[in-house]
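J.: predicted model and sequence follow; I will ask about them next.
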Amino acid sequence: MEQDSAHEGARPAYAPGAIPPDPASARVPEDGAPQDRVPEQARVRPDREGRTPDQMGGGGRARGPESEDAPARGEHTHGEQPAPRAVRRHSVRGQILDALRAALVDGDLVPGQVYSAPALGARFGVSATPVREAMQRLAVEGAVEVVPNRGFRVTERGPRERAELAEVRALIEVPVMLRLARTVPAHRWSALRPLAEATVTAAAVGDRAAYAEADRAFHRAVLALSGNEQLVAVADELHRRAQWPLVAGSATRRAELLADAAEHTALLDALIAQDLTVVQALVREHFAGADR
């Protein structure tokens, strides 16, 4: 624990344009120390003076190894294994939030396990502060819960909660889709074909995080045809929560992803053909399978 604190506090200078070494490769955990599983992230490149975006802050001025980068009192920082998803957005907190959400869907953040912000920050190459902020956002969403003086525990959910989420989603989305099937012209549905095909592509390679994004993008686009932005936002949040694994090892299998993606393309074909009987059957079946 003292090793991790010392590591976070020190910010060695690097040559212009150089990428700092991965902290995970520079530290060997003590024998017997538990290994949390976390997603491996792309490093945040420093500027010409060796500063990362997080050190720059909102005003562009460098910040030294201040107390906010140190672990909270009692927060464990044992070595967590690196994880696979690259960060993409410009905001450091946004990058970490996207990466953590992907790790939840992939099962790299294990339900029931506690993760510390300093250890996760070390893997991302940022201070603990943006990690804590992202984790607080996930706590509001119900994905994790705060464990005082330790970090954040990934929420464990049961089949009942998944079934309830599927029921609420169906109550919101099914009537809207059936109404849109009667009023939206075929060419508007045809424009959604690339989104449906994106779900098939992600499912074919078994990329659960990419599939989750493509799945929600397709549903958002369908509901957006209603012109009701609040409905789209509420439905998307429920959809995101429904994608989290129930317990460790329960991540969606590739065959299930392929079946779900096939329902998207079949539904779109029926909407383009304006076959309302098939549309109604497919929509109800799609949401009935969402709780399995």
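T.: Thanks, I have the structure now.
J.: in the stretch 51-200 of the chain, where is pLDDT below threshold?
T.: Applying pLDDT under 70 to the stretch 51-200 of the chain picks out residues 51-90.
J.: in terms of secondary structure, what does the top helix by length along the chain contact?
T.: Taking DSSP state H as the criterion, the chain has its longest helix at helix 159-183. Packing partners of helix 159-183 (3 or more CB pairs under 8 Å, 6 or more residues apart in numbering; DSSP states H and E): helix 208-224, helix 229-242, helix 276-288. In this view, the C-beta of every residue, glycine as well, is placed from N, C-alpha and C.
J.: pull the residues that contact the last one.
T.: This points to helix 276-288. Contacts made with helix 276-288 from outside it, assessed by CB atoms under 8 Å, 6 or more residues apart in numbering, are listed as 166, 169-170, 173-174, 177-178, 181-182, 260, 263, 266-267, 270-271.
J.: now the buried members of those residues.
T.: Taking 16 or more other CB atoms under 10 Å as the criterion, what is buried in the contacts of helix 276-288 is 166, 169-170, 173, 177, 181, 260, 263, 266-267, 270-271.
J.: from the residues you listed, which is closest to Ala103?
T.: Minimum distance to Ala103 across the buried ones among the contacts of helix 276-288 is 20.7 Å, recorded for Asp260 (CB to CB).
J.: the closest one against Ala202, yeah?
T.: No. Using CB atoms under 8 Å, Asp260 is not in contact with Ala202; the gap is 10.5 Å.
J.: closest one to Val92 among the helices and strands packed on helix 159-183?
T.: Comparing the helices and strands packed on helix 159-183 by CB to CB, helix 208-224 comes nearest, at 19.5 Å.
J.: how about the nearest residue to Leu268, chain neighbours excluded?
T.: What sits nearest to Leu268 in space, not counting adjacent residues and going by CB to CB, 6 or more residues apart in numbering, is Ala196, at 4.9 Å.
J.: can you tell me which helix or strand that neighbour belongs to?
T.: helix 193-204 (DSSP states H and E).
J.: same thing with Ser226?
T.: Taking DSSP H and E as the definition, Ser226 sits outside all helices and strands.
J.: next, the contact list for it, please.
T.: 176, 179-180, 232.
J.: burial measure for the nearest residue to Ala181 once chain neighbours are set aside, as a count.
T.: For Ala181, ignoring the flanking residues on the chain, the nearest one in space by CB to CB, 6+ apart is Val279 at 4.6 Å. Per other CB atoms under 10 Å, the neighbour tally for Val279 reads 22.
J.: what do you get for the one 3 residues further on?
T.: The burial count assigned to Leu282 is 20, neighbours taken as other CB under 10 Å.
J.: what helix or strand is the nearest residue to Ala209 once chain neighbours are set aside on?
T.: Excluding the flanking residues, the one nearest Ala209 by CB to CB, 6+ apart is Ala102, at 3.8 Å. Mapping Ala102 onto the secondary structure by DSSP H and E places it in helix 92-106.
J.: understood, closing this out.
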